[in-house]
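Q: Okay, sequence plus prediction incoming.
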Amino acid sequence: MTVQDIRSFNRFYTNVIGALDYGRHLYAPYTLTESRVLYELAHSPRTDIADLRTELSLDAGYLSRILNRFEQDGLVERAPSEKDPRRRRVTLTARGREAAGLLDERARETVGSLLATVPPADRPRLAEALRTVRTLLGDGRGRAPRREDVVLREPGPGDLGWIVQRNAALYAAEYGWNTDYEGLVARIVADFAEDRDPHLERVWIAELDGRPVGCVMCVRDDAPATARLRLLLVEPDARGLGVGDQLVTTVKDFARGVGYHDLVLWTNDVLAAARRVYQRHGFVLVSEKPHRSFGADLVGQDWRLDLRGNAE
């Protein structure tokens, strides 16, 4: 490995970025840096301006000008930090979330077009090569993942299938559940994919270092003004990073924001870690009943959260 090798790669990758051409392909009035700021605001739990500046390695004056423009466009709001009044936080408005979502969708389409030129058999090698570069040259080389490294996003092509596969594999490995559970998850996911209301129902994928490590779903329940939390899952190697809490918080905020009054869920008593997450977020156990499902004797539990009485 020589300096020339890295410089040659830089020239190649600069051409790749030029081919993506954010301004032209995304049809957006924002520069690449402005798009990065919008993305970070939409996905990072850290919204203090000082943290945002550090995360993106931006000059304070430059970031301030970007936020001024966003504020003028009605994309963000600034206020004193809830944790430290001496600091300022910035949050996306509804218009800002819409703009960030549109940019994210168009970026996925553009990068997807680039990825389509790579034969499917070669894509695992490409993914591993990209992870290797990030690991060896990134600022956090050798360190353990942190909570702030986890981002939530909407599902892309293949992610709904990943939800089915990982639920089936994890619950079989950890609890010995049979394929009946995989069938249940497949039906839930298929119903969402075929007949979802995009304004009232959502799925989120938790991503760490470019790979999915968790998921959750919010769908309409049969009861009036009630949403149902479904299929909360966190990969074993991502546990301890607050992924479950982040996913449940996101469902709560979404459900409350679109006008649901109650949020309910069904789980089983053997899922102790998940139940602790639900309890931390104010869910109350309303009923439980023994049953035999998925090849095991279980105790099913219904939990409920009053969204009107738990505003944060």
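A: That came in fine, so what should we check first?

Q: for the stretch 201-312 of the chain, what spans make up the strands?
A: 202-208, 211-220, 226-234, 262-268, 284-293, 296-306 (DSSP state E, counting those that start in this stretch).

Q: ditto for the stretch 1-150 of the chain
A: Assigned by DSSP E, counting those that start in this stretch, the strands in the stretch 1-150 of the chain fall at 76-80, 88-92.

Q: Which parts of this protein are helices?
A: 3-20, 22-25, 32-43, 49-56, 60-72, 94-115, 123-137, 159-175, 179-195, 243-257, 272-280 (DSSP state H).

Q: Show me what the last one is packed against.
A: So that's helix 272-280. Helix 272-280 sits against helix 243-257, strand 262-268, with contacts defined as 3 or more C-beta pairs under 8 Å, 6 or more residues apart in numbering; DSSP states H and E. Just so you know, the C-beta spots here come from the backbone N, C-alpha and C atoms, and that holds for glycine as well.

Q: Okay, buried residues for it please.
A: By neighbour count on 16 or more other C-beta atoms under 10 Å, the buried set for helix 272-280 is A274, R275, V277, Y278.

Q: ok, so of the residues you listed, who is nearest N15?
A: Using C-beta to C-beta, V277 is the member of the buried residues of helix 272-280 that lies nearest N15, at 45.2 Å.

Q: so what's the closest one up against?
A: V277 is in contact with L232, G244, D245, V248, counting by C-beta atoms under 8 Å, 6 or more residues apart in numbering.

Q: Kindly recompute the last result at 10 Å.
A: If you count contacts by C-beta atoms under 10 Å, 6 or more residues apart in numbering, V277 has them with L232, V234, G242, V243, G244, D245, L247, V248, T249, L271, F283.

Q: try L67
A: By C-beta under 10 Å, 6+ apart, the contact list for L67 reads E34, V37, L41, I49, L52, L75, V76, R78, R88, V90.

Q: same thing with Y175?
A: If you count contacts by C-beta under 10 Å, 6+ apart, Y175 has them with Y181, N268, V270, L271, F294, G295, A296, L298.

Q: Rebuild those as TSV, extending it with neighbour count, distance to Y30 and pLDDT.
A: As requested, those are exported to TSV (neighbours: other C-beta atoms under 10 Å; distance: C-beta to C-beta, whole Å; pLDDT from 0 to 100):
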residue	neighbour count	distance to Y30	pLDDT
Y181	18	44	96
N268	19	46	95
V270	15	48	94
L271	17	42	94
F294	19	47	96
G295	14	52	95
A296	16	51	94
L298	19	50	96
